[in-house]
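K.L.:
one predicted model, sequence on top.
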Amino acid sequence: MPAAPRERRAARHASAGAEGAPKPRKEPITVDRITDAALQVVATEGYDALTVRRVTAVLGTGPSSLYAHIVNKEDLDDLLVGRLCAQIDLPEPDPATWRQQVLDVYGQIRDLYLKYPGVSRAALAMVPTHLETLRVSEGIFAILLAGGIEPQTAAWALDSLTLYVTAYAWERSLVQQRQQHGGEWVLSQEELMERFSGLPEEKFPHTRRYAAELTSGAGHDRFAFMVNLITQNLAGGTPG
């Protein structure tokens, strides 16, 4: 007769704890798992905490396992930015709406950078080699060209816009960090207004008078202003 359910359960528990029972195989280390672990570190601890050793701790392995797949920390940065770029939706370039398309794409990049505090630093001074990063650059370049921008101007505009968005996200991440650590160096608009208005008028007449304008802007208003300012001044000529 087959064993009763209670007996089968007892036998299963006994075999699970018995000596010599086969141990579950570890999941192999892959580039995707390394990237997942790196993003986990950045999301929970910030980009400053990201090291090869920290990633190995998350994966429960040793550095040699990672170095079988990556070259160094800079290579890890390339993987991070590439993973984020894979989430960017690129529109079909439209000559009628190309400026809005540029703003929308860079808005996506901004939001992804802000989701992972400080990760935009990984994109600074980095020569992109990841195919997803190059896909996004190609897509933005195509939008600029569809807008009638000369290739050389479009190339430099692509570089300038990308640098601005990266720096913008980094600054916002720094503010976020300071707020989390007490926030004594982060002032509200009202506090800035009060400080500017209290400056000596003979030395700071314009700062006092236009304190509201200098401190204005909600959300990403200034971000949109700058991206639009750059694209609106691309007249199709070459930089000189």
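P.N.:
Arrived safely, thanks for sending.
K.L.:
stretch 90-105: how far from the chain's middle?
P.N.:
Computed by C-alpha atoms, centre = their mean, to the nearest Å, the chain-centroid distance of stretch 90-105 equals 21 Å.
K.L.:
pass me the low-pLDDT residue ranges in this protein, would you?
P.N.:
1-25, 179-187, 235-240 (pLDDT under 70).
K.L.:
which residue ranges of it form helices?
P.N.:
Ranges of helices within the chain are 5-17, 31-45, 52-59, 63-67, 73-85, 98-115, 131-146, 151-180, 189-197, 205-209, 211-214, 221-232, based on DSSP state H.
K.L.:
export the ones you listed to CSV and tack on mean neighbour count?
P.N.:
Glycine gets a C-beta too; all of them are placed from N, C-alpha and C. Shown next, in CSV, are these (neighbours: other C-beta atoms under 10 Å):
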stretch, mean neighbour count
helix 5-17, 10
helix 31-45, 18
helix 52-59, 17
helix 63-67, 14
helix 73-85, 21
helix 98-115, 19
helix 131-146, 18
helix 151-180, 17
helix 189-197, 13
helix 205-209, 13
helix 211-214, 14
helix 221-232, 14
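K.L.:
distance to Ala125 added to the ones you listed, as a markdown table?
P.N.:
A markdown table is the format used below for the helices of the chain (distance: least, C-beta to C-beta, whole Å):
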| stretch | distance to Ala125 |
| --- | --- |
| helix 5-17 | 52 |
| helix 31-45 | 18 |
| helix 52-59 | 19 |
| helix 63-67 | 23 |
| helix 73-85 | 10 |
| helix 98-115 | 15 |
| helix 131-146 | 14 |
| helix 151-180 | 10 |
| helix 189-197 | 31 |
| helix 205-209 | 33 |
| helix 211-214 | 30 |
| helix 221-232 | 20 |
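K.L.:
quick one: which of the ones you listed is nearest Ala122?
P.N.:
Ala122 lies closest to helix 73-85 among these, at 3.7 Å (C-beta to C-beta).
K.L.:
give me the angle between the closest one and helix 52-59.
P.N.:
60 degrees (axes from the mean of the first three to the mean of the last three C-alpha atoms, to 10 degrees).
K.L.:
gap between helix 73-85 and the chain center?
P.N.:
How far helix 73-85 lies from its chain's middle: 10 Å, per C-alpha atoms, centre = their mean.
K.L.:
what helices and strands are in contact with it?
P.N.:
The helices and strands touching helix 73-85, judged by 3 or more C-beta pairs under 8 Å, 6 or more residues apart in numbering; DSSP states H and E, are helix 31-45, helix 52-59, helix 98-115, helix 131-146.
K.L.:
what angle do it and helix 98-115 make?
P.N.:
Angle, helix 73-85 to helix 98-115, by the same axes, to 10 degrees: 120 degrees.
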